[in-house]
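Visitor: Sequence and predicted structure, then a few things I'm wondering about:
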Amino acid sequence: MIFHPWYFVAIAPAMLLALWAQMRVKSAYAQASQEPAGQSGAQAARQILDAAHLYDVAIEQTPGHLSDHYDPQQKVLRLSFLKNCETKVRN
């Protein structure tokens, strides 16, 4: 495979768009995490799941930052430590 310098020209817009999107997400998260709230992320998630009658979905803690995810095979919502413990979710 031969490397061609035009590769950078072709890939540059996609890379710039990805960097811009990443900065926007981190900025929005940082701004929202400064606002106080009355309940933790785990409490808010449980309330939403219960309202949707999803009582069999468990909530667990997972390491990392912005690493929240749902595992449909195990029916587990995994929240990062900060969202799980801190009260940074608006009512």
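Guide: Done, it's in.
Visitor: how about the strands of this structure, start to end?
Guide: Listed in chain order, the strands of the chain (DSSP state E) span 58-62, 69-71, 76-80.
Visitor: looking at those, which is buried most?
Guide: strand 76-80 (a mean of 18; mean count of other CB atoms under 10 Å). Every C-beta, even on glycine, is put in place using the N, C-alpha and C of the backbone.
Visitor: From the centroid of the protein, which residue is nearest?
Guide: Leu66 (4.2 Å; CA atoms, centre = their mean).
Visitor: Which residues are in contact with that one?
Guide: Leu66 makes contact with Val25, Tyr29, Ser80, according to CB atoms under 8 Å, 6 or more residues apart in numbering.
Visitor: Excluding chain neighbours, what is closest to the first one?
Guide: In space, and not counting its chain neighbours, Val25 is closest to Leu66: 7.8 Å by CB to CB, 6 or more residues apart in numbering.
Visitor: how close does that neighbour sit to Phe3?
Guide: Counting by CB to CB, to the nearest Å, the separation of Leu66 from Phe3 is 34 Å.
Visitor: as a whole number, average confidence for stretch 18-38?
Guide: Averaging pLDDT along stretch 18-38 gives 88.
Visitor: for stretch 70-89, that is, sorry about that
Guide: Here the average pLDDT along stretch 70-89 is 75.
Visitor: How about stretch 42-50?
Guide: Here the average pLDDT along stretch 42-50 is 94.
Visitor: start the count at 199, not 1, going forward
Guide: Got it, the first residue is 199 from now on, which makes the last one we talked about stretch 240-248.
Visitor: which parts of it are buried?
Guide: Across stretch 240-248, burial judged by 16 or more other CB atoms under 10 Å covers Ala240, Ala242, Ala243, Arg244, Leu247.
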